[in-house]
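Asker: predicted structure and sequence below. I'll ask about it afterward.
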Amino acid sequence: MPFTEATTGYWQTLLGPADLPSCEPPWRQGVPARLPDGRVLMLPIRPLASRADHAVASLLCNQASFEVLQALADALAGQVEPLAPDLIVGLPTLGLALAPLVAQGLGQTRFVPLGTSRKFWYDEALSAEVRSITSPGPGKRIYLDPNLLPLVRGRRVVIVDDAISTGSTALPAWDLLERLGAHVLAMGVAMRQGRRWEAALGPQRSAKLVGVFDSPLLQLAATGWMPRTD
């Protein structure tokens, strides 16, 4: 596939504005994502399995340097701090790298992780089926450990994940937490990928979504990758 490369060197460094000659498309290999403080994180391009001439800019928080991960967490904590949440709930898998740092940045001593691995003492009533753009197969579920239910019920929570694309992970997680008695103040992500999540979440929940940066969906052109218009 043209204009793509290995991801080994990505997510390791934040660049200053002067380090990039241009952030304008067409892009080759990497898409620049601008953080609120003006620094830039280069994201590798990954074609979609369903259609090779369509792609996304990829963020894998569990492969990022500590510097990059901390910068994303600090920016996200700053956005949700005015909401004064009681608790941060992290979504698997990659949101679990970000959520504890956000909680720590808010002065909290713990966070609550949801998981995809069902332990023998788990209760199916405390789970929901999810899908994601990178793991589109059916049958994947997220679970809340029953021992953590008292931490969630009746609490003001913010959901944290690495990214949102279609909303097919965020929506069932949001529904699950509210069904279990949590008051979801917002959802925070490092990357908002396109705008397809708006249709899944609906206007009220979409208004409660905050992100560190936006990245477009991509389409292959002769000279590189361009933002999709559909």
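Answerer: Thanks, I have the structure now.
Asker: and the helices in this structure?
Answerer: 66-80, 95-105, 149-152, 170-179, 197-206 (DSSP state H).
Asker: I'd like to know which elements the shortest one is packed against.
Answerer: Spelled out, it's helix 149-152. strand 87-90 (3 or more Cβ pairs under 8 Å, 6 or more residues apart in numbering; DSSP states H and E). (Each C-beta comes from the backbone N, C-alpha and C, glycine too.)
Asker: what does the strand it packs on rub up against?
Answerer: 96, 98-100, 102-103, 106, 108, 111-114, 151-152, 155-161, 173, 177, 182 (Cβ atoms under 8 Å, 6 or more residues apart in numbering).
Asker: stretch 20-31 now?
Answerer: Taking Cβ under 8 Å, 6+ apart as the rule, stretch 20-31 contacts 3-5, 10, 32, 34, 40, 42-45, 57, 215-216, 218, 221, 223-227.
Asker: give me the distance from it to the chain's centre.
Answerer: 22 Å (Cα atoms, centre = their mean, to the nearest Å).
Asker: send me it as PDB with only the CA atoms.
Answerer: Taking Å, rounded to 0.1, in the frame of the first residue of the first chain, the C-alpha atoms of stretch 20-31 are listed here in PDB:
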ATOM      1  CA  LEU A  20       6.900  20.700  10.500                       C
ATOM      2  CA  PRO A  21       7.200  22.500   7.100                       C
ATOM      3  CA  SER A  22       3.400  22.000   6.500                       C
ATOM      4  CA  CYS A  23       0.500  20.300   8.100                       C
ATOM      5  CA  GLU A  24      -1.600  20.500   5.000                       C
ATOM      6  CA  PRO A  25      -2.700  17.500   2.900                       C
ATOM      7  CA  PRO A  26      -2.000  15.400   0.900                       C
ATOM      8  CA  TRP A  27      -0.200  13.400   3.600                       C
ATOM      9  CA  ARG A  28       2.300  10.600   3.100                       C
ATOM     10  CA  GLN A  29       2.900   8.100   5.900                       C
ATOM     11  CA  GLY A  30       1.900  10.400   8.800                       C
ATOM     12  CA  VAL A  31      -1.000  12.700   9.600                       C
END
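Asker: mind listing what's buried along that stretch?
Answerer: Pro25, Trp27, Gln29, Gly30, Val31 (16 or more other Cβ atoms under 10 Å).
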